[in-house]
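J.: need coordinates for the following:
(one chain, ligands or ions: 1)
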Amino acid sequence: MARVTILNEDKTLTADPEIAEELAGHGIDYERWTPSHPIADNAPAEDILSAYSREIEALKTRGGYVTADVIDVSPTTPGLDAMLAKFSREHWHDEDEVRFIIAGHGLFHIHSTTGAVLAIEVEAGDLIRVPRGTLHWFNLCGDRRIRAIRLFQDTAGWTPNYTESRVDENFLPVCFSATQLSMTT
Ligand SMILES: [Fe+2]
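T.: As a prediction, the model looks like this:
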């Protein structure tokens, strides 16, 4: 289950219906998915995609996504720090950023058009859809691990456009529910 903190209001949400309602107010979709049958989080990508095919197909229809894949990031991923540095500064994409978390943790910060900054900590079972154009940044948590299904409208569009605002520097990336209480670097 996700954890959402609205940083400028010092308000934290941990219940799914409240989270979905709050995020919807900022244009972010949040859902909980359960697989069609029990599946290990280290199962082959094809099996993962198959276990969630009903949800994936429904989302493709809704959002115009054409492909889905599974990304794996762990502390031993080559070039991990360089990869993370690309996404930990405020940016937007020309297409939606859609992630369904299979394993590990992640911390999205959303800089809403309302001016609010939201920290969304995601874990297994969480689906988040950040619409194109939304200002955001991303960090891993203390476990430095995330396995996620990604959906794409056009893979060519999924590159970061940086705002260079440095607003991200005002918010420490603190995770709560990872294997240990820690800050990402
Ligand atoms: Fe992004």
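
J.: element containing P35, please.
T.: Taking DSSP states H and E as the definition, P35 sits outside all helices and strands.

J.: can you count the residues close to it?
T.: Neighbour count for P35, taken as other Cβ atoms under 10 Å: 17. Heads up, the C-betas are built off the backbone N, CA and C, glycines and all.

J.: against G63, how distant is it?
T.: The gap separating P35 from G63 is 20 Å, by Cβ to Cβ, to the nearest Å.

J.: can you check I146 too?
T.: Distance from I146 to G63, by Cβ to Cβ: 21 Å.

J.: okay, the two: which has more neighbours?
T.: In terms of neighbours (other Cβ under 10 Å), I146 is the more surrounded of I146 and G63; the figures are 23 against 17.

J.: who's in contact with the residue nearest to P35 when sequence neighbours are not counted?
T.: Once flanking residues are discounted, P35 sits nearest to A51: 3.9 Å by Cβ to Cβ, 6 or more residues apart in numbering. Residues near A51 by Cβ atoms under 8 Å, 6 or more residues apart in numbering: P35, S36, H37, I39, A43.

J.: distance check, A51 against P17.
T.: Where P17 is concerned, A51 sits at a distance of 25 Å (Cβ to Cβ).

J.: ok, V122 next?
T.: Counting by Cβ to Cβ, the gap from V122 to P17 is 16 Å.

J.: tell me which of the two has more neighbours.
T.: When neighbours are counted by other Cβ under 10 Å, V122 and P17 differ, and V122 comes out ahead with 27 against 8.

J.: any idea which element the more buried one lies in?
T.: Counting by DSSP H and E, V122 is part of strand 117-123.

J.: for K86, same thing?
T.: Using DSSP H and E, the element containing K86 is helix 80-87.

J.: buried stuff in that helix?
T.: Of all the residues in helix 80-87, those buried under the rule 16 or more other Cβ atoms under 10 Å are L84, F87.

J.: mind giving me the packing neighbours of it?
T.: For helix 80-87, the contact count by 3 or more Cβ pairs under 8 Å, 6 or more residues apart in numbering; DSSP states H and E identifies strand 135-140 as packing neighbours.

J.: and E55, what is it in contact with?
T.: E31, W33, F100, L127.

J.: quick check: it is in a helix.
T.: Yes. E55: assigned to a helix according to DSSP: H, G, I helix; E, B strand; the rest coil.

J.: tell me the pLDDT at it?
T.: Model confidence at E55, given as pLDDT, is 96.

J.: could you pull out the strands in this structure for me?
T.: For the chain, the strands defined by DSSP state E occupy 3-6, 11-13, 29-32, 67-73, 91-92, 97-111, 117-123, 126-130, 135-140, 146-152, 161-162, 174-175, 182-183.
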